[in-house]
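Q: just need the structure, nothing else, for what follows:
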Amino acid sequence: MTARVSAQVLLAARLNRVRHVRHIVLRAPVGSGVTQTLADVIARTATDGFVLVVSSRRALLEQWAYVLESHDVAPVRVLKSDLALELAGRPPAEPHRGIFLTTALDIRRGPVRVAMKSLPLALAVLEAGPRPDNAALPAVLDIVDQARQTIVVDQGLSRVMPAWLHHPSVVELTLAEVIAMSGERHANPETYSVPLSPAERSIFEQAARLLDKRDGRRSRPAVHSALMRLLSTSREASPGDTGEIDVAWNLVDSLEGLGPDPRLIAMTETVLQQRRFGPVIVVTGSLRAEVEYVRDHLAAQGVRTEPLTLHEVPEARAATSGDSPSPVIVATRNGLETNESLLQDATLVYFTTPRSNTDDAWLLSALHTGAVRAAIIPIEKPSAEAQ
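A: Below is the predicted model:
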């Protein structure tokens with residue numbers, strides 16, 4: 001039995017123990033089968049009641065629909081204004097059965113919120129709970145108050161309980177448990193070398209001092225964007241501030257004057273090598289500018305790509321022949337959070353190293369559960385001209 005299957009079985013068993021509890025918080029690492037486990041619960045509940053799944057992003061509703069429709073137990077429909085109006089006028093005697101999908105944005109106002117207030121929910125699944133200052137919170141509270149049961153998925157594995165959820169039971173699968181089940185305690189990412197010139201290292205070090213220490217491991221487009229944000233938000237400078245502004249402009253000019261980007265070159269070589277073994281996902285930072293930067297370079301090398309960000313999800317992979325490899329997906333790490341179907345059998349090639357403990361934990365979990373085939377991260381080293 002694989003670690004992924006073992007994790008899913010254990011997660012399902014723990015969820016079953018609290019099946020009669022009204023409010024549940026579900027915490028589990030990537031690759032442990034959260035979506036499939038919840039789909040099984042939703043399908044069982046939907047045989048004799050209404051279930052609502054609230055996703056953080058509209059693009060992810062299609063993935064939920066695909067997983068839930070495979071159970072073939074109840075109609076699965078995306079809840080938009082026209083359907084909401086139909087539900088609001090539904091005769092009381094009509095059967096209470098079905099699965100509805102919507103986003104936190106859609107439930108805030110209009111017909112969807114009106115329909116939710118009148119819809120008897122057997123179960124509400126919230127893919128991510130809103131923060132206390134989120135405008136969707138009142139609408140979420142309406143759903144929680146009327147649903148017989150609520151399950152909140154805590155994807156970030158934060159230890160902060162949602163204050164608006166009264167006396168929830170926590171169902172948790174830890175990363176340590178996932179690693180123990182994998183039987184591969186030394187599953188680590190592989191590496192590839194990025195030779196950086198003294199000039200580039202100097203620019204990054206100066207930018208890190210000027211901006212934030214976290215910017216030291218960023219790419220050219222990320223540092224450029226951070227410098228431009230600093231300059232655009234600078235108000236009329238006092239005599240003591242002009243030096244910092246001059247440094248920022250000098251760094252922007254220096255970045256734009258550098259030659260070919262060694263990160264792009266080394267990453268592309270790695271991607272081309274790994275495509276021979278299966279699908280490849282290039283993992284960038286969170287900026288759209290970085291996604292486009294990588295995509296433009298790969299396209300110039302004749303590599304077909306698809307973007308995956310918080311708001312864009314590629315279609316499911318179609319079967320391809322050996323002579324026609326599937327497009328390389330260029331993804332932000334957060335974009336991969338709930339897209340386990342895209343991870344299957346893929347190699348993750350990181351454009352820059354993971355930048356937080358959360359990213360490190362996500363990567364370890366993906367490797368130990370077998371959610372991905374492999375992961376390769378860059379290691380910076382001095383270029384030949386510096387040696």
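Q: could you pull out the strands for this protein?
A: In the chain, the strands defined using DSSP state E lie at 23-27, 50-55, 76-78, 98-103, 121-126, 150-153, 169-172, 190-196, 280-284, 305-308, 328-332, 347-350, 374-382.
Q: low-confidence ranges, the stretch 51-200 of the chain, go.
A: Applying pLDDT under 70 to the stretch 51-200 of the chain flags residues 59, 88-95, 128-133, 155-160, 184-186.
Q: where along it do the helices fall?
A: 61-69, 81-88, 110-118, 137-146, 175-182, 198-210 (DSSP state H, counting those that start in this stretch).
Q: report the buried residues of the first one.
A: It refers to helix 61-69. 61, 63-65, 67-68 (16 or more other CB atoms under 10 Å). Glycine gets a C-beta too; all of them are placed from N, C-alpha and C.
Q: name the helices or strands packed onto that helix?
A: With contacts taken as 3 or more CB pairs under 8 Å, 6 or more residues apart in numbering; DSSP states H and E, helix 61-69 sits against helix 34-45, strand 50-55, strand 76-78, strand 98-103.
Q: the fourth one too?
A: Under the contact criterion of 3+ CB pairs under 8 Å, 6+ apart, helix 137-146 touches strand 50-55, helix 110-118, strand 121-126.
Q: what does the second one rub up against?
A: With CB atoms under 8 Å, 6 or more residues apart in numbering as the test, helix 110-118 has contacts from 52, 79-81, 83-85, 87-88, 102, 106-107, 139, 142-143, 146.
Q: again, only using 6 Å
A: For helix 110-118, the surrounding residues in contact (CB atoms under 6 Å, 6 or more residues apart in numbering) are 79, 81, 84-85, 87-88, 106-107, 139, 142-143.
Q: nearest to Thr305 among those?
A: Taking CB to CB as the measure, Asp106 is the one of the contacts of helix 110-118 closest to Thr305, at 30.1 Å.
Q: tally of neighbours for that closest one?
A: Asp106 has 24 neighbouring residues, counting by other CB atoms under 10 Å.
Q: and for Pro120?
A: 11.
Q: if I look at it, how far off is Pro378?
A: With distances taken as CB to CB, to the nearest Å, Pro120 is found 53 Å from Pro378.
Q: on that earlier part again, which one of the helices and strands packed on helix 61-69 is the most hemmed in?
A: Among the helices and strands packed on helix 61-69, the stretch with the highest mean neighbour count (mean count of other CB atoms under 10 Å) is strand 50-55, at a mean of 25.
Q: give me the contact list for it.
A: 42, 45, 61, 64, 96, 98-104, 119, 121-127.
Q: okay, now the sheet partners of it, with direction.
A: For strand 50-55, sheet partners with direction are given as strand 98-103 (parallel), strand 121-126 (parallel), following DSSP bridges.
Q: extract the C-alpha trace of the last one and format it as PDB.
A: Presented in PDB, the C-alpha positions along strand 121-126 are these (Å, rounded to 0.1, in the frame of the first residue of the first chain):
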ATOM      1  CA  LEU A 121     -28.000  22.200   3.900                       C
ATOM      2  CA  ALA A 122     -27.000  18.800   5.200                       C
ATOM      3  CA  LEU A 123     -23.300  19.700   4.800                       C
ATOM      4  CA  ALA A 124     -21.200  22.700   4.000                       C
ATOM      5  CA  VAL A 125     -17.600  22.200   3.000                       C
ATOM      6  CA  LEU A 126     -15.400  25.300   3.200                       C
END
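Q: orientation of it relative to strand 23-27 in degrees?
A: Per axes from the mean of the first three to the mean of the last three CA atoms, to 10 degrees, the angle that strand 121-126 makes with strand 23-27 is 30 degrees.
Q: of the strands of the chain, which approaches Ala222 most closely?
A: The minimum distance between Ala222 and the strands of the chain falls on strand 280-284, with 8.8 Å, by CB to CB.
Q: how about that closest one: buried residues?
A: By neighbour count on 16+ other CB under 10 Å, the buried set for strand 280-284 is 280-284.
Q: for Val21, which non-adjacent residue is closest in space?
A: In this structure, Val21 finds its nearest non-sequential neighbour in Ser169, 4.5 Å apart by CB to CB, 6 or more residues apart in numbering.
Q: hmm, back to that, closest to Val152 out of the helices and strands packed on helix 61-69?
A: For Val152, the closest of the helices and strands packed on helix 61-69 is strand 50-55, at 9.7 Å, according to CB to CB.
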